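Trainee: Sharing a model prediction with you, sequence too.
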Amino acid sequence: MSATPTDGAESDEPVAHHFDTLQQQQEAVTLGMWVFLATEIMFFGGAFATYTVYRREHSAAFHAASRELDLVLGGVNTLVLLTSSLTMAFAVAAAGARKKGLTVLMLAATMVLGAAFLGIKGVEYHHKYEHHLLPAFGLPFEWHDHAQAGGAKLFFSLYLGMTGLHALHMVIGIALMGIFAVRVWRSVDVGHRRQGTEVLGLYWHFVDVVWIYLFPLLYLIDRS
């Protein structure tokens, strides 16, 4: 039997019309997200494989180029992103406990931390632009060692592409969280938004895990 929407509020109907039961809907939504994340793993996996191949061919240039990245800003961003994973986990727990205000607050905190990450990454990009180390959009690229210039350009191209792709996923996640936070706030019973919060959390945790691999691969691997 379908629930009747409350007047003046967004419908909190827990079971969509094309599902027979709530359990069926939950299983389908969760499976759909895991399938999506599997395709994303393959997508990023191709980028990681490309990086690995070129790093073997230009190890000296990649070593020198990696040391041009700002380890402090990268480390701060890692801390910011890990904290955002914590606030996202709190949002999921709050939704399960039917605490509307806390759910919205934790979603907002996650969005702010995500925006802070993007801001810091923007500062890094600006630094590379000032030093002519962003080989994109026809920008000039300059490297002190002519023999390593090709390999260094490859490194910074991969750096820009991989971190830029990661940043795009973060922008999408922040936008989805903003939309979802409004829906949670308008919900009669936030418990009906629990699964949606969990699925959104899976996406955000995936974005965090990608950075956990990117940070050592780009910033730390040649710091010994």
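Mentor: Received the coordinates, thanks. Numbering: from 1, shown residues only.
Trainee: Tally up the residues packed near residue 178, please.
Mentor: Here the count is done by other C-beta atoms under 10 Å, and residue 178 has 12 residues near it. No exception for glycine: its C-beta is placed from N, CA and C like everyone else's.
Trainee: do residue 88 as well
Mentor: Counted with other C-beta under 10 Å, residues neighbouring residue 88 total 29.
Trainee: The helix or strand it falls within packs against which elements?
Mentor: Secondary structure here is read from DSSP states H and E; on that basis residue 88 sits in helix 71-96. Counting contacts by 3 or more C-beta pairs under 8 Å, 6 or more residues apart in numbering; DSSP states H and E, the secondary-structure elements packed against helix 71-96 are helix 100-130, helix 194-215.
Trainee: mind giving me CSV with those and columns for mean pLDDT and mean neighbour count?
Mentor: Output for the helices and strands packed on helix 71-96, formatted as CSV (pLDDT from 0 to 100; neighbours: other C-beta atoms under 10 Å):
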stretch, mean pLDDT, mean neighbour count
helix 100-130, 95, 18
helix 194-215, 92, 20
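Trainee: of all those helices, which lies closest to residue 55?
Mentor: Between residue 55 and the helices and strands packed on helix 71-96, the shortest separation by C-beta to C-beta is 13.5 Å, and it involves helix 194-215.
Trainee: so what's residue 140 closest to, chain neighbours aside?
Mentor: Of all residues not flanking residue 140 in the chain, residue 132 sits nearest, at 5.1 Å (C-beta to C-beta, 6 or more residues apart in numbering).
Trainee: right, and the secondary structure at the one you found would be what?
Mentor: When the structure is reduced to helix, strand and coil (DSSP: H, G, I helix; E, B strand; the rest coil), residue 132 reads as coil.
Trainee: Now do the contacts for it.
Mentor: Residue 132 sits next to 139-142 when contact means C-beta atoms under 8 Å, 6 or more residues apart in numbering.
Trainee: now do residue 181
Mentor: Neighbouring residues of residue 181 by C-beta under 8 Å, 6+ apart: 104, 107-108, 111.
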